[in-house]
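Peer 1: build me a structure from this.
(one chain, ligands or ions: 2)
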Amino acid sequence: MAFRFEDWMINHYLQQGYVVFRGVVPPSLCDDLRREIDKARDMAHAINPQAQRLQPVAKYEGQIDQKPFQDYCDLPALRDAIDRLLGPDFTTGQRSMMGIFVEPRDQPWTIGWHRDGVVEVPLEAQDEELRLAMDEFWHDLRGWNQVNCAIYADSCTWYVPGSHLRSRDLPGEKQYNTDKEINTRIAAMSPAEAERKCLDLCHRFPGAVQMHLGPGDYMLYRQLAWHNGNYTPWARRGTIHDGAFYTKPLPPAIAKWQETKKAAVARMNARQAVPVTV
Ligand SMILES: O=C(O)CCC(=O)C(=O)O
Ligand SMILES: [Fe+2]
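Peer 2: Ligands and ions are numbered 1, 2, ... in the order given. The predicted structure is shown next:
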């Protein structure tokens, strides 16, 4: 049955932080996209055998046929679903931003649990000024709507439903993808050991749920929520990675977030540079 938007999806997105439009990409378009995605995989592996993605699609015009990707952006059912979920001022897809997620060639690995957008700000940098800026945008749907659209079935993404509703972390919600040591250890393991270790890191995170996308499933998610990506060379992946972006001027708290983050880190460094006196 062709995908149809239903009203419960709005509540699901707001409450859980993600929603899946099942099979919104028709099989004929999946066939066309797979032909190009299979080229993209080889290109990504030629750059780096462990690559997670090739991005943006538009950069590879000439090597990758852009038409199926444009057809995807223009899908009427997708346009209608985004209109009804977020309103008419959001993009469905844009080749200038769009990436293609692919599986690694040689060894399992995991990107690590994180909240995109705030991941770069160490907890010590989260002073009152920064917290106020976060509070201003945290629930604003004009920012941070990310997309994974599986063209081959894809169970790589892990998510903590509801964690987008709070910017404070619970005990056990710890980012580990900055821990170089874990990644080095995983790289040195046998493939099956690495696979088990990465899976364990997924399971161990409180509230973690594995997302299972079928071919043509479009998952929209608040990437401020805790999420992770877990990859093995034997699970073929070809997933369009994009966002639903707001097309009107963004509110200042979102528009200036990169600067706000940098300023907070600079304040933290200045604080740490001051010698401690008693
Ligand atoms: O692989 C995925 O599905 C998630 C990747 C991700 O979270 C990221 O690259 O920031
Ligand atoms: Fe992410």
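
Peer 1: use CA for all of it now, contacts and neighbours both
Peer 2: Fine.

Peer 1: my guess is G243 meets F90, correct?
Peer 2: No - in this structure, G243 is not within contact of F90 by C-alpha atoms under 8 Å, at 9.2 Å.

Peer 1: give me the buried stretch members for the lowest-mean-pLDDT helix or strand in the chain, please.
Peer 2: Least confident helix or strand of the chain, by mean pLDDT, DSSP states H and E, is helix 180-188 with a mean of 86. Buried residues in helix 180-188, defined by neighbour count with 16 or more other C-alpha atoms under 10 Å: N183, I186, A187.

Peer 1: which other residues reach it?
Peer 2: By C-alpha atoms under 8 Å, 6 or more residues apart in numbering, the residues outside helix 180-188 that reach it are Q107, W109, N177, A194, K197, C198.

Peer 1: restricted to helices, list those residues.
Peer 2: Assigned to helices by DSSP state H, the following of the contacts of helix 180-188 qualify: A194, K197, C198.

Peer 1: check contacts around the second one.
Peer 2: Same thing as K197. Counting by C-alpha under 8 Å, 6+ apart, K197 touches I186.

Peer 1: so how far is R204 from it?
Peer 2: 10 Å (C-alpha to C-alpha, to the nearest Å).

Peer 1: ok, back up a step: looking at G243 and F90, which one has more neighbours?
Peer 2: G243 (23 against 19; other C-alpha atoms under 10 Å).

Peer 1: for the nearest residue to that one once chain neighbours are set aside, name its beta-bridge partners.
Peer 2: Nearest non-adjacent residue to G243, counting by C-alpha to C-alpha, 6 or more residues apart in numbering: Q146, 4.1 Å away. On DSSP bridges, the residues paired with Q146 through beta bridges are Y221, G243.

Peer 1: now Q146: how far from L224?
Peer 2: Between Q146 and L224 the computed distance is 9 Å (C-alpha to C-alpha).

Peer 1: look at the two and report which has more neighbours.
Peer 2: Per other C-alpha under 10 Å, whichever of Q146 and L224 has more neighbours is L224, with 24 against 18.

Peer 1: that one reaches G162, doesn't it?
Peer 2: No - the pair L224 / G162 is not scored as a contact, 10.4 Å apart, by C-alpha under 8 Å.

Peer 1: need phi/psi at F21.
Peer 2: phi -90, psi 100 (degrees, to the nearest 10).

Peer 1: what about E120, how many residues close to it?
Peer 2: Counted with other C-alpha under 10 Å, E120 comes out at 15.

Peer 1: what pLDDT is listed against it?
Peer 2: Listed pLDDT for E120 reads 75.

Peer 1: confirm it sits in a strand?
Peer 2: No - under DSSP: H, G, I helix; E, B strand; the rest coil, E120 falls outside any strand and is assigned coil.

Peer 1: where does it fall, phi/psi-wise?
Peer 2: Residue torsions, per degrees, to the nearest 10, at E120 are phi -80, psi -10.

Peer 1: show the buried residues in the contacts of helix 180-188.
Peer 2: For the contacts of helix 180-188, buried by 16+ other C-alpha under 10 Å: Q107, W109, N177, A194, K197, C198.

Peer 1: mind checking how far the least confident helix or strand of the chain is from the chain centre?
Peer 2: The chain centroid and the centroid of helix 180-188 are separated by 22 Å, computed with C-alpha atoms, centre = their mean, to the nearest Å.

Peer 1: give me the mean pLDDT for stretch 270-278.
Peer 2: Average pLDDT, stretch 270-278: 74.

Peer 1: actually stretch 167-174, not the one I wrote
Peer 2: For stretch 167-174, the mean per-residue pLDDT is 91.

Peer 1: where does the stretch 151-278 of the chain have low pLDDT?
Peer 2: For the stretch 151-278 of the chain, applying pLDDT under 70 flags the ranges 177-179, 275-278.

Peer 1: what segments of it are helices?
Peer 2: Using DSSP state H, counting those that start in this stretch, the helices of the stretch 151-278 of the chain run over residues 180-188, 191-203, 252-255, 257-273.

Peer 1: spatially nearest residue to K59 (excluding sequence neighbours)?
Peer 2: S96 (7.3 Å).

Peer 1: tell me the contacts of that neighbour?
Peer 2: With contact set as C-alpha under 8 Å, 6+ apart, S96 has these partners: P56, V57, A58, K59.

Peer 1: what about it, distance to W113?
Peer 2: Distance from S96 to W113, by C-alpha to C-alpha: 26 Å.

Peer 1: that concludes my questions; thank you for your assistance.
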